[in-house]
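In: This is a predicted model, with the sequence first.
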Amino acid sequence: MAHDDHSAHHVNYAAVFVALCVFTGLSVVFDLLSFDNHLITIVLVLAVAVAKALCVMMFFMHLKFEGNWKFVLLAPTTILAIGLPLALLPDIGVAYYTSTAPQVEEWGTEFAEYKAQHNHEVPAAEAH
Amino acid sequence: MSHSTPPSGLKMGIPIPNSKLGLWLFLGTEIMFFTAFIGSYIVLRIGSPQWPTDTADTHISIIAGGVNTFVLILSSYFVVLAHEAMAKKNFPQARRFLIWTMSLAFVFLGIKSYEYYGKISHDILPSHIAETPGQAINKVDRELEAVVRERFKVYTDDQLIDVAEAADLSNVNAQLDIFSTSPEKQQQYPALTETAKADVRLYAEWQNLHQHIVADVSLLKVPAAAGPGYAQARAALADGASLPPLEYGEVVAKVNELKSDEQFGAAVRSGVFDPHPVLYGNLFASIYFLMTGFHAIHVIVGMILFVVPLMQGSNLDGRYTDWVENSGLYWHFVDLVWIFLFPLLYIA
């Protein structure tokens, strides 16, 4: 049967599993490092997530050993998946939501003050 | 299936079983299903500066999320081993790996339930979260009223007092003193004498707070927010002047005071959440529960898929090889979704 083909490929699944665990640990380490710019953390953990996703798709889901049909099937969905946030971003992400949210208006300039005070009272480390 | 048709010289279509092709097509729609949520989250998040990331606000447990990531990865590993064992026709071993996968799925859902419990116990639920100090104050007002209503039910449900309209709390309150003044009632309901006194006090505290909230005047600096004294104080104000406004800190202090009361403290503690405004908290809660909830539903569906070969017991054989492979692919996809949800919801 066709799906027996890739059984011939010898994948060291244990090594893939260990790599995935190491990547997960890395995400937590990046969070604990708490960079001054939170964007750095976001980019790093998402990069790790992409690496993990590739490991799972290539080896656990055997996509590395499948025929070219995988591209025919996955390319349109991937394009649509990336297209959706890009299409929504200019309208909702950038232009619309920021200035008119009523709760933001009500806070006025007090939010930063409150946050500073609150964070002082309850350090994030104790919140768990 | 394709191999059941008579052999022909021409090979048509994609060289994989129809079931696997169907599963991959389904996974294509699943990718779009989850990326619609993830994409909307990213867009809303970018559009909402000061999105809650502090774990003191969100009650997100990175450790629980991290452990769950490990659990799903391990279960994915066992599925792949189960499929390999099926291909090698080592069916008892395949069964053992499937049992491990099932057990880990239960562990995942257990940890998820623990996390959900943490959210619910702090009222981190869509539409429940106060997003500004003003909303937090109003929430305290509503919750305290509900506590009073609950306490008054003791008297009205059993018709211990004559109340035509039990919904009117002031009406009930006015009649509670019969438990301390009427010897007959005291004899009949000795325990309620003290409770009624405490409940009158609780009602007065809520009324006082409520009136200060409605009038928006300071709890400490303006002794009463209703009645002739208050009207006089307002009348005596110079033109354009106003009484000092109610402050968020005063309400927090009052809530803590009520929670530490010996008589009704326990009721207030269980009925009134600590006021804690979280800007964009409701949007966060909606997204968190929508994404993790749909993911949990997928975990449950995956478990149902694994039950089918497991139900064959020791009769598991080669007929289920495709089934195990396909449900395995589905399970890897569920793992894949979590691989993205973990950094997006727990860390980012």
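Out: It's in. Please read these numbers as outputs of a predicted model, since none were measured by experiment.
In: from here on, contacts and neighbour counts on C-alpha atoms
Out: Will do.
In: Excluding chain neighbours, what is closest to the residue of chain A found nearest chain B?
Out: In chain A, the residue found nearest to chain B is A:Gly93; the distance is 4.0 Å by Cα to the nearest Cα. Among residues not flanking A:Gly93 along the chain, B:Gly47 sits closest, at 4.0 Å (Cα to Cα, 6 or more residues apart in numbering or on different chains).
In: For B:Phe26, which residues are in contact?
Out: Not one residue lies near B:Phe26 by Cα atoms under 8 Å, 6 or more residues apart in numbering or on different chains.
In: tally of neighbours for B:Leu74?
Out: When counting by other Cα atoms under 10 Å in any protein chain shown, one arrives at 20 neighbours for B:Leu74.
In: Distance of it relative to B:Gly328?
Out: Distance, B:Leu74 to B:Gly328, using Cα to Cα, to the nearest Å: 13 Å.
In: again with A:Thr41
Out: Relative to B:Gly328, and taking Cα to Cα, A:Thr41 is found at 32 Å.
In: now swap in B:Ala215 and tell me
Out: 62 Å.
In: More neighbours: those two, which one.
Out: Neighbours were tallied for B:Ala215 and for B:Gly328 using other Cα under 10 Å; the higher tally belongs to B:Gly328 (28 against 14).
In: how much space between that one and B:Leu23?
Out: Distance from B:Gly328 to B:Leu23, by Cα to Cα: 10 Å.
In: correct me, but the residue nearest to A:Gly93 touches A:Pro90?
Out: No: using Cα atoms under 8 Å, B:Gly47 is not in contact with A:Pro90, being 9.6 Å away.
In: Check which helix or strand residue 24 maps to.
Out: Let's take chain A. Assigned by DSSP states H and E, A:Thr24 belongs to helix A:13-33.
In: meant chain B actually
Out: Applying DSSP H and E, one finds B:Trp24 within helix B:18-46.
In: any idea how far that helix is from the chain center?
Out: 24 Å (Cα atoms, centre = their mean, to the nearest Å).
In: Quick one: mean pLDDT for that helix?
Out: Average pLDDT, helix B:18-46: 92.
In: Check stretch B:253-270 too.
Out: Stretch B:253-270 comes out at a mean pLDDT of 95.
In: what does stretch B:215-225 give?
Out: pLDDT averaged over stretch B:215-225 gives 89.
In: can you pull the alpha-carbon coordinates of that stretch into PDB?
Out: Output of stretch B:215-225 as PDB, limited to C-alpha atoms (Å, rounded to 0.1, in the frame of the first residue of the first chain):
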ATOM      1  CA  ALA B 215     -24.000  60.200  43.900                       C
ATOM      2  CA  ASP B 216     -20.300  59.700  43.100                       C
ATOM      3  CA  VAL B 217     -19.100  61.200  46.400                       C
ATOM      4  CA  SER B 218     -16.200  60.100  48.600                       C
ATOM      5  CA  LEU B 219     -17.000  57.300  51.100                       C
ATOM      6  CA  LEU B 220     -14.700  58.800  53.700                       C
ATOM      7  CA  LYS B 221     -15.100  62.600  53.300                       C
ATOM      8  CA  VAL B 222     -18.800  62.600  52.700                       C
ATOM      9  CA  PRO B 223     -20.500  60.700  55.600                       C
ATOM     10  CA  ALA B 224     -23.900  60.200  54.000                       C
ATOM     11  CA  ALA B 225     -24.800  60.300  50.300                       C
END
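In: Counting neighbours, which bits of that stretch end up buried?
Out: B:Asp216, B:Val217, B:Ser218, B:Leu219, B:Ala224, B:Ala225 (16 or more other Cα atoms under 10 Å in any protein chain shown).
In: Got the phi and psi for the second one?
Out: B:Val217 has phi and psi values of phi -130, psi 150 when expressed as degrees, to the nearest 10.
In: one step back: could you check which of B:Gly47 and A:Pro90 is surrounded by more residues?
Out: More crowded of B:Gly47 and A:Pro90, by other Cα under 10 Å: B:Gly47, with 21 against 13.
In: returning to that earlier point: right, and the pair among the buried residues of stretch B:215-225 with maximum separation?
Out: B:Asp216 and B:Ala224 (11.4 Å; Cα to Cα).
In: Identify the residue spatially nearest to the residue most central in space within chain A, adjacent ones excluded.
Out: By Cα atoms, centre = their mean, chain A has its centre lying nearest to A:Leu46, at 4.0 Å. Using Cα to Cα, 6+ apart and skipping residues adjacent in sequence, the residue nearest A:Leu46 is B:Pro343, 6.5 Å away.
In: for B:Trp24, same thing?
Out: A:Leu73 (7.7 Å).
In: Which positions within the helix or strand where that neighbour lies qualify as buried?
Out: Secondary structure assigned from DSSP H and E places A:Leu73 in helix A:69-88. For helix A:69-88, the buried set under the neighbour-count rule, 16+ other Cα under 10 Å, comprises A:Leu74, A:Thr77, A:Leu80, A:Ala81, A:Leu84, A:Pro85, A:Leu88.
In: so where is chain B shaky, pLDDT-wise?
Out: B:1-11, B:162-167 (pLDDT under 70).
In: Residue of it nearest chain A, please.
Out: Residue of chain B nearest chain A, by Cα to the nearest Cα: B:Gly47 (4.0 Å).
In: Now do the phi/psi pair for that residue.
Out: Dihedral angles (degrees, to the nearest 10) for B:Gly47: phi -80, psi 0.
In: number of nearby residues for residue 59?
Out: Picking chain A for this. Around A:Phe59 there are 17 residues (other Cα under 10 Å).
In: Switch to chain B, please.
Out: 20.
In: Leaving out chain neighbours, which residue sits closest to it?
Out: Counting by Cα to Cα, 6+ apart, the residue nearest B:His59 is B:Lys119, at 6.4 Å.
In: mind checking how far the one you found is from B:His128?
Out: 11 Å.
In: Which residue of those two possesses the greater neighbour count?
Out: The neighbour count for B:Lys119 versus B:His128, taken as other Cα under 10 Å, is higher for B:Lys119 (17 against 12).
In: My read is that the more buried one contacts B:Pro126, right?
Out: No: the criterion here is Cα under 8 Å, and B:Lys119 misses it with B:Pro126 at 10.6 Å.
In: Can you tell me which residue sits nearest the middle of chain B?
Out: B:Ile120 (3.8 Å).
In: Which of the helices or strands spans that residue?
Out: helix B:91-121.
In: list the helices and strands that helix packs on?
Out: Where contact means 3 or more Cα pairs under 8 Å, 6 or more residues apart in numbering or on different chains; DSSP states H and E, helix B:91-121 is packed against helix B:62-87, helix B:281-310.
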